[in-house]
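Novice: Prediction below, plus the sequence it came from.
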Amino acid sequence: MVVPVVVYLLVASKLLSTAVKCDSINFYNIRPPVDATPYPKSFKCFTCEQASDNYSCNRWAEDKWCPQNTQYCMTVHYFGRHGRTKSVTKRCAAFDDCNLTGCRHHGNTHHGECVSCCEGMACNVELPTNHTNAVFIRIQDFSSAATRHTSSRTPVLLLTAAFAALLPL
């Protein structure tokens, strides 16, 4: 009788520990703050100083408004010889700080760092790991690209497609 109770308690504790674990936090589902913003177009970034990894940084990031002289969120990823994370630093950044984006390898120490910047509320969720994602992403780059590639014929094409769909076959 004692053995089934012990087994039951072990199974229940295992289930409870997996249910309580925080590894499944969705950092992409950041809701706009309810409190009043300190100035127009204000924003927040994930912020940490030399966290052990990206998850720890995002999980325990300080929730505060970025200063008015900043426009972007910056992430600095320091890693060792085999790409293992040494530390993660995230903060609010000014335009000039974001000139450091990209990856650099320090040959004599076999360490490297990748820096990325982005624009938007808590946009620095991800960790830059190589030249592909250690970039400077600005919202205006997307909106100006969309404007450049938008054809004046697009509404006509959409209307034509809509009317064609209504015609009987």
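Specialist: Okay, I see it.
Novice: how about the strands of the protein, start to end?
Specialist: With strands called from DSSP state E, the chain shows them at 48-51, 72-79, 85-93, 102-106, 111-118, 136-137.
Novice: just those strands: most buried one?
Specialist: strand 72-79 (a mean of 23; mean count of other C-beta atoms under 10 Å). The way it works is simple: take the backbone N, C-alpha and C, and place the C-beta from them, glycine included.
Novice: coming back round to it: could you redo the strands of the chain as CSV and give each row distance to residue 59?
Specialist: Output for these, formatted as CSV (distance: least, C-beta to C-beta, whole Å):
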stretch, distance to residue 59
strand 48-51, 9
strand 72-79, 15
strand 85-93, 11
strand 102-106, 25
strand 111-118, 19
strand 136-137, 23
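Novice: residue ranges of the helices in this structure, please?
Specialist: 2-20, 54-59, 139-149, 154-166 (DSSP state H).
Novice: does residue 76 really touch residue 117, like I thought?
Specialist: No - counting by C-beta atoms under 8 Å, residue 76 does not reach residue 117; the two are 10.1 Å apart.
Novice: If you count neighbours, what's buried in stretch 117-127?
Specialist: Residues of stretch 117-127 classed as buried: 117-119, 122-127 (neighbour count, 16 or more other C-beta atoms under 10 Å).
Novice: Which member of the residues you listed is positioned nearest residue 82?
Specialist: Nearest to residue 82 among these is residue 127, at 15.6 Å by C-beta to C-beta.
Novice: Settle this for me: residue 62 is touching residue 49, isn't it.
Specialist: No - counting by C-beta under 8 Å, residue 62 does not reach residue 49; the two are 9.4 Å apart.
Novice: how near is residue 48 to residue 39?
Specialist: Per C-beta to C-beta, to the nearest Å, residue 48 is found 23 Å from residue 39.
Novice: Sweet, I'm off.
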